[in-house]
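Novice: This is a predicted model, with the sequence first.
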Amino acid sequence: MMCSFKNAQGITRALHGVWHGRYGTARCPAHDDRLPSLSLANGHDARLLLYCYAGCSFREIIQALIRIGLLGKQAFFDKAYDQMLSFSKQISADFKRAKQKAERETRN
């Protein structure tokens, strides 16, 4: 039977990790993890935030969670990846605007 968790706390517990109130820690399913190197939290707009301190990418973690049955839909990954790209583009645009503003102020 395949279970699908959409929140960080549920995934943390399913990975036999520890929930610390606002975030969880667990062994990363994307690599042979002996110590908990995966941090999980719920972001804004119900986004799942994942970070592996050993260096696994977001994509690798999501694929591992799908493979072991904790995330059941590829569509979840597609949506999360699209949101991540959108956020990255927004930060890039904000940085470009700030740089242009600083250059204008320097000339004046």
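Specialist: Arrived safely.
Novice: Show me the shaky parts of the protein.
Specialist: For the chain, applying pLDDT under 70 flags the ranges 1-6, 73-89.
Novice: Let's see that with 80 instead.
Specialist: 1-6, 45-46, 72-96, 108 (pLDDT under 80).
Novice: which residues in the chain form strands?
Specialist: For the chain, applying DSSP state E gives strands covering 18-19, 23-26, 38-42, 48-52.
Novice: so can I have TSV of those showing mean neighbour count and distance to Asp94?
Specialist: C-beta coordinates here come from the backbone N, C-alpha and C atoms, glycine included. Listed next are these as TSV, based on neighbours: other C-beta atoms under 10 Å; distance: least, C-beta to C-beta, whole Å:
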stretch	mean neighbour count	distance to Asp94
strand 18-19	14	33
strand 23-26	20	26
strand 38-42	20	23
strand 48-52	18	20
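Novice: Including distance to Gly72, could those strands go into TSV?
Specialist: Listed next are the strands of the chain as TSV, based on distance: least, C-beta to C-beta, whole Å:
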stretch	distance to Gly72
strand 18-19	21
strand 23-26	18
strand 38-42	17
strand 48-52	13
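Novice: tally of neighbours for Gly69?
Specialist: 13 (other C-beta atoms under 10 Å).
Novice: And for the one 3 residues further on?
Specialist: Gly72 is flanked by 14 other residues according to other C-beta under 10 Å.
Novice: repeat for Glu60
Specialist: 16.
Novice: which residues does it contact?
Specialist: 30-31, 52 (C-beta atoms under 8 Å, 6 or more residues apart in numbering).
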